[in-house]
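[1] below is the sequence, then the predicted model.
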Amino acid sequence: MDGLQYPREKCIFFHKYGIFMKERSQRLKAIRSTIRSNRISSQESLLGFLEAQGFSITQATLSRDLKLLKVGKVSKGPDGYFYSLPSEEERRESERSYLQDFQRGYVGLEFSANLGIIRTLPGHANSVALAIDNIPLKEILGTVAGDDTVLIVLREGYTSQNLIDQLSQRIPDFEP
């Protein structure tokens with residue numbers, strides 16, 4: 001490590017190295033809840049609400065979180081613009097679009113322990129990886145895309161069969 005000291009209550013990702021961050025999923029849940037419960041008109045205001053809940057993050061991190069949650073701003077007439085979460089129908093439509101992107105580029109899937117390789121048509125790896133990153137698949141920790149190959153890393157506690165079952169439920173005619 002770099003010698004920096006990190007408070008235990010603030011970290012999770014590098015748990016085995018002594019760094020313990022609050023889980024991103026907890027932060028995302030807090031962002032959703034705050035936007036639903038309040039008229040938030042700026043990132044600065046949202047950062048204040050999050051800080052009051054014990055989350056200390058940068059504006060850049062908040063921007064990434066808002067993008068991930070597909071938060072937009074909607075006009076409320078003379079009161080200005082406020083953050084809004086996508087409706088359930090918009091979320092489902094977005095997921096359908098990502099599943100189609102996956103299907104367009106997908107060729108095959110192989111695993112070695114918790115690592116998987118998705119073969120894609122040439123030039124399709126980025127769109128397949130983006131689809132995987134945006135479809136809520138709790139089995140996948142992350143992806144790395146090349147030109148015709150996507151590396152996927154499974155979360156601890158999940159197997160390749162868990163992921164195959166999830167993909168089979170969501171994608172018609174899916175074959176690993």
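    All right, it came through fine. These numbers come from a predicted model, not from an experiment.
[2] contacts, neighbours, all on C-alpha from now
    Fine.
[3] and the longest helix for this protein?
    helix 88-105 (DSSP state H).
[4] quick one: classify Tyr46 as helix, strand or coil.
    Slight slip there: residue 46 is Leu, not Tyr. Look at Leu46: counting by DSSP: H, G, I helix; E, B strand; the rest coil, its state is helix.
[5] count of neighbours near it?
    20 (other CA atoms under 10 Å).
[6] and it, what pLDDT?
    For Leu46, the pLDDT comes out at 95.
[7] and stretch 137-154, how far apart are its ends?
    10 Å (CA to CA, to the nearest Å).
[8] gap between it and the chain center?
    12 Å (CA atoms, centre = their mean, to the nearest Å).
[9] what residues sit buried inside it?
    For stretch 137-154, a neighbour-count test (16 or more other CA atoms under 10 Å) marks 139-140, 143, 145, 148-154 as buried.
[10] contacts for that stretch?
    Residues from elsewhere that reach stretch 137-154 (CA atoms under 8 Å, 6 or more residues apart in numbering): 114-126, 128-129, 132-133, 155, 158-160, 162-163, 166.
[11] of those residues, buried ones?
    114-120, 124-126, 128-129, 132-133, 159-160, 163.
[12] can I get the host helix or strand of Val107 in CSV? Just the C-alpha atoms.
    Assigned by DSSP states H and E, Val107 belongs to strand 106-112. Extracted C-alpha coordinates of strand 106-112, given in CSV (Å, rounded to 0.1, in the frame of the first residue of the first chain):
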residue,chain,number,x,y,z
TYR,A,106,-22.2,-12.4,-28.6
VAL,A,107,-20.5,-15.5,-30.0
GLY,A,108,-19.7,-17.7,-26.9
LEU,A,109,-18.7,-17.9,-23.3
GLU,A,110,-16.1,-19.9,-21.4
PHE,A,111,-15.0,-20.0,-17.7
SER,A,112,-12.0,-20.8,-15.7
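[13] any idea which residue of this protein is furthest from its center?
    Within the chain, the residue lying farthest from the chain centre (CA atoms, centre = their mean) is Pro78, at 33.8 Å.
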